[in-house]
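>>> the amino acid sequence is not available; the structure is as follows:
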């Protein structure tokens, strides 16, 4: 309730934000999140009318000072005091549409890209070592990205290294699966 204290001030109970109520949430653009002191999540009391949402007061869910903000979807590169550039439904859909499916292969068997078309197939993964990684799911909770970072925090699933001779999976610092395989390959190549 603390983040909504200022938002609820002077309103009747029916107009206040309470647990289990509905509320509006907006997603800041990548540039807005990268800004110094960037927002994590603008929220406001629930409103059905999309035109009223632009003019009603919003506040950052993660901020203790309940500064009132306005949202806008026009120009994500223009920073204006008291306003926050947020994704429109179209922007949100476009980001989803261009997101490559890293865990699938395209129809030709190569890793997926934003331009891959056709039926995808599952990517077969072979574990070659254990590596502790963090959660991938909650992008809004992560630290803001620096401006100009094209990766936007994308997780890369790298191809495993293969033995130069037989092609089996090996550790990242090795070149051959065994000394025997290296000698056999050298004899076959005449080196």
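Cool, the structure landed. All values derive from a computational prediction rather than experimental measurement.
>>> make it CA atoms for all contacts and neighbour counts henceforth
Noted.
>>> residue 44 in helix, strand or coil?
Using DSSP: H, G, I helix; E, B strand; the rest coil, the structure places residue 44 in strand.
>>> residue 55 is in contact with that one, correct?
No. Contact between residue 44 and residue 55 fails when scored by Cα atoms under 8 Å: they sit 11.0 Å apart.
>>> which one of the two has more residues nearby?
In terms of neighbours (other Cα atoms under 10 Å), residue 44 is the more surrounded of residue 44 and residue 55; the figures are 22 against 12.
>>> other residues contacting the least confident helix or strand in the chain by mean pLDDT?
Taking mean pLDDT, DSSP states H and E as the measure, helix 5-8 is the helix or strand of the chain with the lowest mean score, a mean of 72. Residues from elsewhere that reach helix 5-8 (Cα atoms under 8 Å, 6 or more residues apart in numbering): 15, 16, 17, 59, 66.
>>> now do the contacts for the third one.
By Cα under 8 Å, 6+ apart, the contact list for residue 17 reads 4, 7, 8, 23, 45.
>>> with the second one instead?
Contact analysis of residue 16 by Cα under 8 Å, 6+ apart lists 7, 8, 45.
>>> between the residues you listed, which is closest to residue 114?
residue 45 (35.9 Å; Cα to Cα).
>>> who's in contact with the host helix or strand of residue 187?
Element membership for residue 187, per DSSP states H and E: helix 179-189. If you take Cα under 8 Å, 6+ apart as the criterion, helix 179-189 is touched by 164, 165, 166, 176.
>>> surely the third one is in a helix?
Same thing as residue 166. No. Secondary structure of residue 166, determined by three-state DSSP: coil, with no helix assignment.
>>> distance of it from residue 173?
Distance, residue 166 to residue 173, using Cα to Cα, to the nearest Å: 17 Å.
>>> can you check the first one too?
The spacing between residue 164 and residue 173, counted by Cα to Cα, is 13 Å.
>>> which one's more surrounded, those two?
In terms of neighbours (other Cα under 10 Å), residue 164 is the more surrounded of residue 164 and residue 173; the figures are 16 against 7.
>>> could you report the pLDDT at that one?
The predicted structure scores residue 164 at 81 on the pLDDT scale.
>>> contacts only, for the nearest residue to it once chain neighbours are set aside.
Closest residue to residue 164 in three dimensions, ignoring its sequence neighbours and counting by Cα to Cα, 6 or more residues apart in numbering: residue 176, at 5.9 Å. Counting by Cα under 8 Å, 6+ apart, residue 176 touches 162, 163, 164, 165, 170, 182.
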